[in-house]
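A.B. asks: A predicted structure for the sequence below; I have some questions about it.
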Amino acid sequence: MDSIYDYTLEELKLKLKPSFRAKQVYNWIYKKYVSSYDDMKNIPNELKDNLKNNYAIDILKIVKKEKSSDGSIKYLFELNDNHTIEAVLLLMKKKKINDDGTIERSEKYTVCISTQVGCKIGCTFCLTAKGGFVRNLSVGEIVNQIVQIKKDNDISENKSLNIVYMGMGEPLDNYKNFVHSVKVFSEKDGLYISKRRITVSTSGISSKIEKLGEEDLGIQLAISLHAVDDGLRSELIPMNKAYNIKSIIDAVKKFPVDTRKKVMFEYLVIKNKNDDIASAKKLLQLLDGIKAKVNLIYFNPYPGTSYQRPQSSDMIKFQDYLTGKGLLCTIRESKGLDISAACGQLKEKETNGDS
Ligand code: SAH
Ligand code: SF4
């Protein structure tokens, strides 16, 4: 069965008679976060029955939550076929209250969402890859992650948040549903999340990056580069044999970037693999001519991996080298580190039953 979260407002209007009901339903699901048609007070019973019979509304169940000391919360959701996926609410900035009780600044949230159960790409450092690929998420299953998290945290309807497609799965390998979910997210009468606040992270399917560029959706691009030579990159990301570094750089150069924005290059740093200054130099050369920023990520070890977390001193040297050359470079704060923030880790714990 399709779900009510699968559609843009225009699509829902075509399905519901009279069409103004679509906006009312949109209001209930995206602004009031109701998860039962019975709670939709202004919807006539006949239409409620039609909705119940044709569009699932209860599609994700929270089965586990882990809260980190920095305020981030990791969710494990169960889908209707019992598979599980993860999403993380990241608290980027805490609420600041003045002495007189007024709010100086409200919280800033980013939500990291999944697009697939498992993943086909098979990166050797990634836990999600270990379970293989199961299936794509539907548009509704992608969209509902945000609705559930807003509801669970009482985040008000008009509070904007950032979305990053950095959870489990490769978004560009579920291209159609991913693009459609962006359209649903940005609906004015729905969640109304600006496309500038949406970032897709890809392991580098060059042909799909080009396609996305041609669509000119207005979202931000993040590339999981992780290595500066094809030998190491193919070890880390086997798909690099088909889509090598040059093909990715060429695709990025064609990608339309908002004048105030940059393409983010994620660089997972692994001890004694890619944490040396020679790599930093090569990275600088590769990114020449691109409006780029670099995000260094500490490899997060898990039982059974032979890769190791790099030393902070090497991370800082790497960062200093790049910033010294004028390239914007940040080190990903280990947000939610104590809740195993790297994708796939909560699910893994659940499956092993050791949590
Ligand atoms: N498939 C997409 C998006 C999801 S992966 C991609 O690869 O870009 C999300 C992020 O988690 C990627 O940046 C990946 O590098 C990172 N990641 C995966 N395993 C990790 C680990 N063990 N430690 C730290 N980051 C990890
Ligand atoms: Fe898939 Fe991304 Fe994990 Fe690679 S890092 S296996 S592309 S989820």
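C.D. replies: Nice, I can see it. All of these numbers come straight from a predicted model, not from anything done at the bench. Residues are numbered from 1 along each chain as shown. Ligands and ions are numbered 1, 2, ... in the order given.
A.B. asks: neighbours around the residue of the stretch 1-150 of the chain found nearest ligand 1, how many?
C.D. replies: Residue nearest to ligand 1 within the stretch 1-150 of the chain (CB to the nearest ligand atom): Cys126, separated by 3.9 Å. Yep, even glycine has a C-beta here, placed from its N, CA and C like the rest. Residues contacting Cys126 under the criterion other CB atoms under 10 Å number 22.
A.B. asks: where do the helices sit along the stretch 251-355 of the chain?
C.D. replies: With DSSP state H, counting those that start in this stretch as the criterion, the stretch 251-355 of the chain has helices at 277-286, 312-324, 345-352.
A.B. asks: how near is the one residue sitting closest to the centre of the chain to ligand 2?
C.D. replies: Nearest to the mean C-alpha position of the chain, counting by CA atoms, centre = their mean, stands Tyr165 at 2.0 Å. From Tyr165 across to ligand 2, the span is 10 Å (CB to the nearest ligand atom, to the nearest Å).
A.B. asks: so that residue makes contact with Ser203?
C.D. replies: No: Tyr165 sits out of contact with Ser203 when judged by CB atoms under 8 Å, with a separation of 11.6 Å.
A.B. asks: mind giving me the domain ranges of the chain?
C.D. replies: The chain breaks down into these domains under automatic domain parsing: 1-58, 59-352.
A.B. asks: Tell me which of those sits most buried.
C.D. replies: Burial of those is given as mean neighbour count (mean count of other CB atoms under 10 Å); domain 59-352 ranks first at a mean of 18.
A.B. asks: show me the contacts for Tyr26.
C.D. replies: Neighbouring residues of Tyr26 by CB atoms under 8 Å, 6 or more residues apart in numbering: 9, 12, 187, 189-190.
A.B. asks: quick revisit: the domains of the chain: lowest mean pLDDT?
C.D. replies: Out of these, domain 59-352 stands lowest, with a mean of 92 (criterion: mean pLDDT).
A.B. asks: Tyr55: what's its closest spatial neighbour, skipping adjacent residues?
C.D. replies: Among residues not flanking Tyr55 along the chain, Ile4 sits closest, at 4.2 Å (CB to CB, 6 or more residues apart in numbering).
A.B. asks: how about the helices of the protein, start to end?
C.D. replies: Secondary structure of the chain (DSSP state H): helices located at 9-15, 20-30, 45-54, 127-130, 139-152, 175-185, 206-215, 230-236, 245-254, 277-286, 312-324, 345-352.
A.B. asks: Same list, these, but as a markdown table with distance to Lys65 please.
C.D. replies: Compiled in a markdown table, those are given as follows (distance: least, CB to CB, whole Å):
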| stretch | distance to Lys65 |
| --- | --- |
| helix 9-15 | 30 |
| helix 20-30 | 22 |
| helix 45-54 | 28 |
| helix 127-130 | 19 |
| helix 139-152 | 8 |
| helix 175-185 | 23 |
| helix 206-215 | 32 |
| helix 230-236 | 31 |
| helix 245-254 | 36 |
| helix 277-286 | 37 |
| helix 312-324 | 29 |
| helix 345-352 | 9 |
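A.B. asks: Make a markdown table from the helices of the stretch 251-355 of the chain and add distance to Tyr243 to it.
C.D. replies: Putting those into a markdown table (distance: least, CB to CB, whole Å) gives the following:
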| stretch | distance to Tyr243 |
| --- | --- |
| helix 277-286 | 15 |
| helix 312-324 | 24 |
| helix 345-352 | 26 |
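A.B. asks: what does the stretch 151-300 of the chain put close to ligand 2?
C.D. replies: Proximity of the stretch 151-300 of the chain to ligand 2 (CB under 6 Å from any ligand atom) is limited to residues 168-170, 203.
A.B. asks: List just the nearest of the residues you listed to Ile142.
C.D. replies: Gly169 (9.7 Å; CB to CB).
A.B. asks: and the closest one, what does it touch?
C.D. replies: So Gly169 contacts 114-119, 128, 136-137 (CB under 8 Å, 6+ apart).
A.B. asks: just Val143 next, same as before
C.D. replies: By CB under 8 Å, 6+ apart, the neighbours of Val143 are 5-6, 181, 184-185, 191.
A.B. asks: Could you tell me the phi and psi values at the closest residue to Val257 other than its chain neighbours?
C.D. replies: Distances taken as CB to CB, 6+ apart place Lys291 nearest to Val257, at 5.5 Å, with adjacent residues excluded. The phi/psi pair for Lys291 (degrees, to the nearest 10) reads phi -80, psi 90.
A.B. asks: Alongside ligand 1, which residues does the chain contribute?
C.D. replies: Contact residues (CB under 6 Å from any ligand atom) of the chain with ligand 1: 125-126, 166, 170, 201-203, 224, 266, 268, 297, 299-300, 342-343.
A.B. asks: what's the spacing between the residue nearest to Val269 when sequence neighbours are not counted and ligand 2?
C.D. replies: Nearest residue to Val269, sequence neighbours excluded (CB to CB, 6+ apart): Pro310, at 4.5 Å. As judged by CB to the nearest ligand atom, Pro310 and ligand 2 stand 17 Å apart.
A.B. asks: Okay, Pro310 and Leu268: tell me how far apart.
C.D. replies: Look at Pro310 and Leu268: by CB to CB, to the nearest Å, they are 10 Å apart.
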